[in-house]
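Colleague: heads up, no residue letters with this:
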Ligand code: KG4
Ligand code: ZN
């Protein structure tokens, strides 16, 4: 059993023999869209409301009884603390009542390992995790060995997309709309800067890109999407007619292109840093991995180095519980579990490797 509640998605999934056999998910996206971002208090309350019925539905749908489960895995962080606590408390209750082992999963590692639900990951893998909260490059030697090579020093790639979306009137989270509308737009290569490439490290910084967009849009108040009925929760942005629409689509394409070019260039440098011979595959993961431009550019890079490119289906890129159940399955195979008092870890803090070895 996998349980995910680290941000604004409550999700549960069952994995058997490394394959997902069922999942239930409740997204709070419409609730938070009204506020232009996730409101932590509301997120916790919504998780608390949704989690038990989703569990009940999943178990009935899959015909599984609590005693059939081998292990209960839960995302323990990093994430919104109040949200995580709902999932972790629920998982501890399940473990206590069923007597089954419990395992707290690193949400970021789970995003990367999710690819293994669809195809075999060949380690060592170079992984790029691009989500709403993180832009991380890891060298992954096994499901238990993650070495962080680079990270964003300010906004994450998804955050840079969501903030840009807000500037042009798109509902939160804007990434998928920017992807959709950008597909019909022309890339203007030097409209925006290519951020933080003028150095020799593997870190990212997207704040300059965001500021460039803010400056441009400050002068062009005509470049805004409208929402179908003026209500952000309807999630139906409309591209204006004529020249403004064309320009907006081109802005989406150009902004995304510069993020994709930056991510790809740093991955090229990471391959050089580790050495081509030390890498057997490249994994792209996290919500922004659903982006067609990012996927396309990294695919070309991998072809150039003759490296297998592994990217999960879009539904496995964004937050889900199959990735948590699968990671739990991999860790449990290695005899690992947690005590009932293990802690949830908030954003910005390191998730400890405090498993215990329990082969029973
Ligand atoms: O991994 P995720 O679901 O949640 C976090 O752990 O953060 O990632 C959410 C992020 C948001 O910033 C969202 O705008 C972005 O992923 N996203 C996309 C696309 N779909 C989701 N960004 C670009 N293109 C997409 N198709
Ligand atoms: Zn995530």
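Modeller: Perfect, thanks for sending it. None of the values given here were measured: they were computed from a predicted structure. Ligands and ions are numbered 1, 2, ... in the order given.

Colleague: How much space separates residue 189 from residue 123?
Modeller: 36 Å (C-beta to C-beta, to the nearest Å). (Glycine included, C-beta is placed from N, CA and C.)

Colleague: Between those two, point out the one with more neighbours.
Modeller: residue 123 (14 against 10; other C-beta atoms under 10 Å).

Colleague: residue ranges for the helices of this protein, please.
Modeller: 29-33, 40-62, 81-98, 107-113, 157-167, 175-182, 207-219, 242-274, 292-305, 314-317, 322-333 (DSSP state H).

Colleague: any chance of these in a markdown table, with mean neighbour count, distance to ligand 2 and mean pLDDT too?
Modeller: Shown next, in a markdown table, are these (neighbours: other C-beta atoms under 10 Å; distance: least, C-beta to the ion, whole Å; pLDDT from 0 to 100):
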| stretch | mean neighbour count | distance to ligand 2 | mean pLDDT |
| --- | --- | --- | --- |
| helix 29-33 | 18 | 13 | 85 |
| helix 40-62 | 17 | 13 | 97 |
| helix 81-98 | 20 | 12 | 98 |
| helix 107-113 | 27 | 6 | 97 |
| helix 157-167 | 24 | 9 | 96 |
| helix 175-182 | 22 | 12 | 96 |
| helix 207-219 | 15 | 21 | 95 |
| helix 242-274 | 20 | 17 | 97 |
| helix 292-305 | 17 | 16 | 98 |
| helix 314-317 | 18 | 9 | 91 |
| helix 322-333 | 26 | 9 | 98 |
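
Colleague: Dump these to TSV, plus distance to ligand 1.
Modeller: What follows is those, written out as TSV (distance: least, C-beta to the nearest ligand atom, whole Å):
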stretch	distance to ligand 1
helix 29-33	10
helix 40-62	12
helix 81-98	11
helix 107-113	6
helix 157-167	3
helix 175-182	2
helix 207-219	13
helix 242-274	7
helix 292-305	7
helix 314-317	7
helix 322-333	10
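
Colleague: Now distance to residue 148 too, for those, in a markdown table please.
Modeller: Shown next, in a markdown table, are those (distance: least, C-beta to C-beta, whole Å):
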| stretch | distance to residue 148 |
| --- | --- |
| helix 29-33 | 29 |
| helix 40-62 | 25 |
| helix 81-98 | 21 |
| helix 107-113 | 9 |
| helix 157-167 | 16 |
| helix 175-182 | 23 |
| helix 207-219 | 20 |
| helix 242-274 | 11 |
| helix 292-305 | 19 |
| helix 314-317 | 20 |
| helix 322-333 | 17 |
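
Colleague: Stretch 337-353: end-to-end distance?
Modeller: 11 Å (C-alpha to C-alpha, to the nearest Å).

Colleague: touching ligand 1 at all, that stretch?
Modeller: No. Using C-beta under 6 Å from any ligand atom, stretch 337-353 stays clear of ligand 1, with a minimum separation of 9.9 Å.

Colleague: any idea of the mean pLDDT in that stretch?
Modeller: Averaged across stretch 337-353, pLDDT comes to 96.

Colleague: which parts of that stretch are buried?
Modeller: 337, 338, 342, 343, 344, 345, 346, 351 (16 or more other C-beta atoms under 10 Å).

Colleague: ok now stretch 316-331, how far from the chain's centre?
Modeller: Its chain's C-alpha centre lies 12 Å from the corresponding centre of stretch 316-331 when counted by C-alpha atoms, centre = their mean, to the nearest Å.

Colleague: do stretch 205-225 as well
Modeller: 24 Å.

Colleague: mind checking how far the spatially most central residue of the chain is from ligand 1?
Modeller: In the chain, the centroid-proximal residue (C-alpha atoms, centre = their mean) is residue 286; its distance is 2.9 Å. Between residue 286 and ligand 1 the computed distance is 4 Å (C-beta to the nearest ligand atom, to the nearest Å).

Colleague: What does the pLDDT read for that residue?
Modeller: pLDDT, residue 286: 95.

Colleague: For it, grab phi and psi.
Modeller: phi 90, psi 170 (degrees, to the nearest 10).

Colleague: if I read this right, it contacts residue 111, doesn't it?
Modeller: Yes. The criterion here is C-beta atoms under 8 Å, and residue 286 meets it with residue 111 at 5.0 Å.

Colleague: buried sites along stretch 141-148?
Modeller: 143, 146.

Colleague: Check the offset of it from the chain's centre.
Modeller: Worked out by C-alpha atoms, centre = their mean, stretch 141-148 lies 18 Å from the chain centre.

Colleague: cool, stretch 110-122 as well?
Modeller: Remark: stretch 110-122 is offset 14 Å from the chain centroid, using C-alpha atoms, centre = their mean.

Colleague: And that stretch, end to end?
Modeller: End-to-end distance (C-alpha to C-alpha), stretch 110-122: 16 Å.

Colleague: Name the surrounding residues that touch that stretch.
Modeller: With C-beta atoms under 8 Å, 6 or more residues apart in numbering as the test, stretch 110-122 has contacts from 15, 18-20, 75, 125, 127, 129, 131, 138, 140, 143, 146, 280-281, 283, 285-286, 308, 310-313, 316-317, 320, 322-324, 326-327, 330.

Colleague: Next one: residue 143 relative to residue 356, how far apart?
Modeller: Distance from residue 143 to residue 356, by C-beta to C-beta: 17 Å.

Colleague: Return the set of residues that bridge with residue 10.
Modeller: Note on residue 10: beta-bridge partners residue 26, judged by DSSP bridges.

Colleague: tell me the contacts of it?
Modeller: Neighbours of residue 10 in contact, by C-beta under 8 Å, 6+ apart: 4, 25, 26, 28, 46, 47, 50, 51, 54, 86, 87.
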